[in-house]
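Peer 1: I would like the atomic coordinates for the input below:
(one chain, ligands or ions: 2)
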Amino acid sequence: MKTTTHNIDIITDLETPDSESINTPNLDLPTSDIELRSPNTIVHMDLDTFFVSCERLLEPKLNGKPVLVGGTSDRGVVSACSYEARQFGVHSAMPMRMARQLCPEAIVIRGNSAIYSKYSDMVTDIIKEESPVYEKSSIDEFYIDITGMDRFHGSYKWATELRQRIMQETHLPISFGMSTSKTVSKVGTGEAKPNGQINVLRGLEKAFLAPLSIKKIPMVGDKTYQKFRSMGIEKIQTVQEMPLELMERVFGKNGVIIWKKANGIDNSPVIPFHERKSISSSLTFEKDTIDVRKLKEILTTMAEKLAFYLRNGDKLTSIVTVTVRYSDFDTRSRQMRIAYTANDHTLIATVMRLFDQLYQRRVMARLVGVRFSGLVGGGYQINLFEDSERTIKLYQAMDKVRNRFGQGAVKRAVTMDTKGVGQMSNPFNGQAPIIPAHRRS
Ligand code: DCP
Ligand code: MG
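Peer 2: Ligands and ions are numbered 1, 2, ... in the order given. The predicted structure follows:
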């Protein structure tokens, strides 16, 4: 079967704005003036020990005990851990074997992603009902923009009541931080945990951040933290006092962003629910085909490629759609909700299942397509409890090779001879998507 490359139809409706470039404040401004420019009120909410809390609802005997959710095999990793386990130095993404050594009395649970997705949706529904504008940024975390609410209702009271409602209706513990920006609110939530809430008053953002460790700034990962430590820097206050030029010299572009965040400068918007993104890929054949094996190969390649983009953009999908257009232009789609994931094997299996249900008419196909929607920020690379450490390392290694040598560099055996499904730049990096010639107006 021959496929045309110029008919490749890759659409991404996920023009992720480069949040840092939006309304970036003038850096010459003294930061105390930021309040004048940032009238926003943003709430960040994050469920406490989310997977563990879900397990505790199902089995109350787990309350008050050290609990680990994650891969139970020797090579598994920790997805979530209770505060009782954290006291022993256990943290998420740690190899399960090491966690067990640190905390031998911990109760280890393999986890059930469908249950966590269900509870995540329950919380989302309440926030959706109550909030003017909200963004779901990962499976258990939300930003809510309540700018201007004070005029009608105390915004802190509003956030407190929302938190109470979530806890009463779902019985899940949740914490929140409230301030003039996403960054400060997120750091606030971290400080309020477990089971707490915090309001960082306008104008006090810098003072609030100053005594905290630079590790607390979102986007300061292990590597950056080590670099700061090697410079003898531990507290955010030191970064606040550093000249911006120095930060830029040492850390490049990221240094500027970290400096701004450390100073409480962040005007990035809350991206509302209805702007939720999706990513898709479809292919129109030059000659219609009935070769099921070939169609499956193409769909596998598409799913594999889109899953790679998800992981690269640190995203997870929860809705998979497969489309088939027959030669008579009859177009059928079938979609399925799944637990949040970015795993090749889960997504490919779902796509195959949908295709088998869909491709009922033994008629020539003219187009096939895959769409992943219901996206949220991952916060973690892949669905850890589904995978052993080995699988995760394998994905990371595969993605690394693809990032270096191109997406075709590593392929599953079944997709080896599938060409022309198309390449595109990372759709999550804010670049405009590739629009094929016949779709441009
Ligand atoms: N998760 C995961 N792998 C990671 C991090 C998180 O699978 N490396 C999953 C399990 C968590 C859930 O995502 O329960 C939410 O992640 P959080 O970072 O919000 O962590 P928790 O909710 O577990 O704890 P906290 O109370 O610190 O928010
Ligand atoms: Mg959480």
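
Peer 1: residue contacts, the most centrally placed residue in the chain?
Peer 2: Nearest to the geometric centre of the chain sits residue 377, at 1.5 Å (Cα atoms, centre = their mean). With contact taken as Cβ atoms under 8 Å, 6 or more residues apart in numbering, residue 377 is in contact with 137-138, 141, 314-316. Yep, even glycine has a C-beta here, placed from its N, CA and C like the rest.

Peer 1: what about the residues you listed, which are in helices?
Peer 2: Under the assignment DSSP state H, these contribute nothing to helices.

Peer 1: of those, the lowest pLDDT goes to which?
Peer 2: The weakest per-residue confidence within these falls on residue 314 (75).

Peer 1: pull the number of nearby residues for whatever residue of the stretch 151-300 of the chain ends up closest to ligand 1.
Peer 2: Residue nearest to ligand 1 within the stretch 151-300 of the chain (Cβ to the nearest ligand atom): residue 193, separated by 5.2 Å. The tally of other residues near residue 193 (other Cβ atoms under 10 Å) stands at 20.

Peer 1: what residues does it make contact with?
Peer 2: Listed by Cβ under 8 Å, 6+ apart, the contact set of residue 193 reads 46, 48, 175.

Peer 1: please report phi then psi for it.
Peer 2: phi -70, psi 150 (degrees, to the nearest 10).

Peer 1: okay, it: pLDDT?
Peer 2: At residue 193, pLDDT is 97.

Peer 1: residues from the stretch 201-350 of the chain in reach of ligand 1?
Peer 2: Within the stretch 201-350 of the chain, not a single residue sits near ligand 1 (Cβ under 6 Å from any ligand atom).

Peer 1: flag the shaky bits of the stretch 201-350 of the chain, pLDDT-wise.
Peer 2: For the stretch 201-350 of the chain, applying pLDDT under 70 flags the ranges 273-276.

Peer 1: just the strands in it please.
Peer 2: Listed in chain order, the strands of the stretch 201-350 of the chain (DSSP state E, counting those that start in this stretch) span 279-289, 315-326, 331-341.

Peer 1: between the first one and strand 315-326, how many degrees?
Peer 2: Between strand 279-289 and strand 315-326, the angle formed by their directions is 20 degrees, by axes from the mean of the first three to the mean of the last three Cα atoms, to 10 degrees.

Peer 1: and for the last one?
Peer 2: Angle between the axes of strand 331-341 and strand 315-326 is 160 degrees (criterion: the same axes, to 10 degrees).

Peer 1: what does strand 331-341 rub up against?
Peer 2: 113-114, 116-117, 120, 139, 316-326, 346-347, 350, 353-354, 357-358, 367, 371, 374, 376, 382-383, 386.

Peer 1: which parts of that strand are buried?
Peer 2: The neighbour-count check on strand 331-341 (16 or more other Cβ atoms under 10 Å) flags 334, 338-341 as buried.

Peer 1: among the residues you listed, which two are most distant?
Peer 2: Using Cβ to Cβ, the two most remote members of the buried residues of strand 331-341 are 334 and 340, lying 19.7 Å apart.

Peer 1: in a markdown table, list the strands of the stretch 201-350 of the chain along with distance to ligand 2.
Peer 2: Output for the strands of the stretch 201-350 of the chain, formatted as a markdown table (distance: least, Cβ to the ion, whole Å):
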| stretch | distance to ligand 2 |
| --- | --- |
| strand 279-289 | 25 |
| strand 315-326 | 14 |
| strand 331-341 | 14 |
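
Peer 1: next, format those strands as CSV and append distance to residue 57.
Peer 2: Converted to CSV, the strands of the stretch 201-350 of the chain look like this (distance: least, Cβ to Cβ, whole Å):
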stretch, distance to residue 57
strand 279-289, 33
strand 315-326, 21
strand 331-341, 17
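
Peer 1: any idea how far ligand 1 is from residue 49?
Peer 2: 4 Å (Cβ to the nearest ligand atom, to the nearest Å).

Peer 1: residues contacting that residue?
Peer 2: Residue 49 touches 80-83, 173, 194, counting by Cβ under 8 Å, 6+ apart.

Peer 1: paired strands for the helix or strand in which residue 68 is found, with orientation please.
Peer 2: Assessed by DSSP states H and E, residue 68 sits inside strand 67-70. Applying DSSP bridges to the sheet, strand 67-70 is found paired with strand 78-81 (antiparallel), strand 107-109 (parallel).

Peer 1: in this protein, spot the helix with the most residues.
Peer 2: Taking DSSP H as the criterion, the chain has its longest helix at helix 292-312.

Peer 1: the nearest residue to residue 348 once chain neighbours are set aside: how many residues sit nearby?
Peer 2: In space, and not counting its chain neighbours, residue 348 is closest to residue 303: 4.7 Å by Cβ to Cβ, 6 or more residues apart in numbering. Residue 303: 26 surrounding residues under other Cβ under 10 Å.

Peer 1: centre of the chain to the helix or strand harbouring residue 394, how far?
Peer 2: Assigned by DSSP H and E, residue 394 belongs to helix 389-405. In terms of Cα atoms, centre = their mean, to the nearest Å, the centre of helix 389-405 is found 18 Å from the chain centre.

Peer 1: could you check the angle helix 292-312 makes with that helix?
Peer 2: Counting by the same axes, to 10 degrees, helix 389-405 lies at 90 degrees to helix 292-312.

Peer 1: isn't residue 402 up against residue 311?
Peer 2: No. Counting by Cβ atoms under 8 Å, residue 402 does not reach residue 311; the two are 9.9 Å apart.

Peer 1: which one's more surrounded, those two?
Peer 2: Neighbours were counted for residue 402 and for residue 311 using other Cβ under 10 Å; residue 311 has more, 22 against 18.

Peer 1: near ligand 2, which residues of this structure? Just list them.
Peer 2: 46-47, 50, 140 (Cβ under 5 Å from the ion).

Peer 1: the same query, at a cut-off of 8 Å, please.
Peer 2: With Cβ under 8 Å from the ion as the criterion, the chain meets ligand 2 at residues 46-50, 140-141, 193.
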